[in-house]
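1. here are the coordinates; sequence isn't available:
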Ligand code: HEC
């Protein structure tokens, strides 16, 4: 026998409206009836988007997790002369290379400081590329 979970959308929407009404109660008291609906919609939109970060491009960058896991150890503090994350001077000469060249050096490694595939043999090419993009984005 199959059981289905019924999502009480109507009740959820009702509850959201009640919360919105509480937060924006002064606006709901508007004597112009047409305006009430508009205010309710705006209030719900505000509530729905309130959780979004201010810098979505960086926070959700696909390379960020890879960076934090595999590149942070050297690039955050500049271990073994690794160019630090966000350090424009350290990255200036490297930014003259093409993306392909940077990625190639990460894959091959740069002895003695950086091991091949940046020390992550299990990382895919795409993951290494994303991490390079994330680092480059921070110095542009
Ligand atoms: C064990 C330390 C270490 C780790 C881990 C590491 N790096 Fe590096 N990285 C270095 C060092 C040291 C250099 C500078 C090498 C040089 O210029 O000789 C470097 C240089 C680079 C460069 C510049 C390449 C160029 O052509 O100038 C890029 C891009 C880079 N790393 C990306 C990454 C990425 C992406 C990761 C993680 C996936 C990572 N690194 C992990 C030490 C590390």
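-> That came through fine. Bear in mind the structure is a predicted one, so any value in this text is a computation, not a measurement.
2. which residues touch residue 106?
-> When contacts are counted by CB atoms under 8 Å, 6 or more residues apart in numbering, residue 106 is found next to 114, 117-118, 128, 131-132. Just so you know, the C-beta spots here come from the backbone N, C-alpha and C atoms, and that holds for glycine as well.
3. Figure out the helix or strand that residue 136 lives in.
-> Taking DSSP states H and E as the criterion, residue 136 maps to helix 125-137.
4. Packing partners of that helix?
-> Applying 3 or more CB pairs under 8 Å, 6 or more residues apart in numbering; DSSP states H and E, one finds that helix 125-137 makes contact with helix 62-66, helix 99-108.
5. Leaving out chain neighbours, which residue sits closest to the closest residue to the ligand within the chain?
-> Using CB to the nearest ligand atom, residue 113 is the residue of the chain that sits closest to the ligand, at 2.4 Å. Distances taken as CB to CB, 6 or more residues apart in numbering put residue 80 closest to residue 113, at 4.0 Å, once the chain neighbours are dropped.
6. likewise residue 88?
-> The shortest distance from residue 88 to any residue other than its chain neighbours is 5.0 Å, reached at residue 139 (CB to CB, 6+ apart).
7. Spit out the contact partners of residue 66.
-> Taking CB under 8 Å, 6+ apart, one finds 120, 123, 127-128, 130-131, 134 in contact with residue 66.
8. will you turn these into JSON lines that also has neighbour count, pLDDT and distance to residue 104?
-> Rendered in JSON lines, the data for the contacts of residue 66 read as follows (neighbours: other CB atoms under 10 Å; pLDDT from 0 to 100; distance: CB to CB, whole Å):
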{"residue": "120", "neighbour count": "17", "pLDDT": "96", "distance to residue 104": "16"}
{"residue": "123", "neighbour count": "20", "pLDDT": "97", "distance to residue 104": "15"}
{"residue": "127", "neighbour count": "20", "pLDDT": "98", "distance to residue 104": "15"}
{"residue": "128", "neighbour count": "21", "pLDDT": "98", "distance to residue 104": "10"}
{"residue": "130", "neighbour count": "19", "pLDDT": "98", "distance to residue 104": "15"}
{"residue": "131", "neighbour count": "28", "pLDDT": "98", "distance to residue 104": "14"}
{"residue": "134", "neighbour count": "20", "pLDDT": "97", "distance to residue 104": "17"}
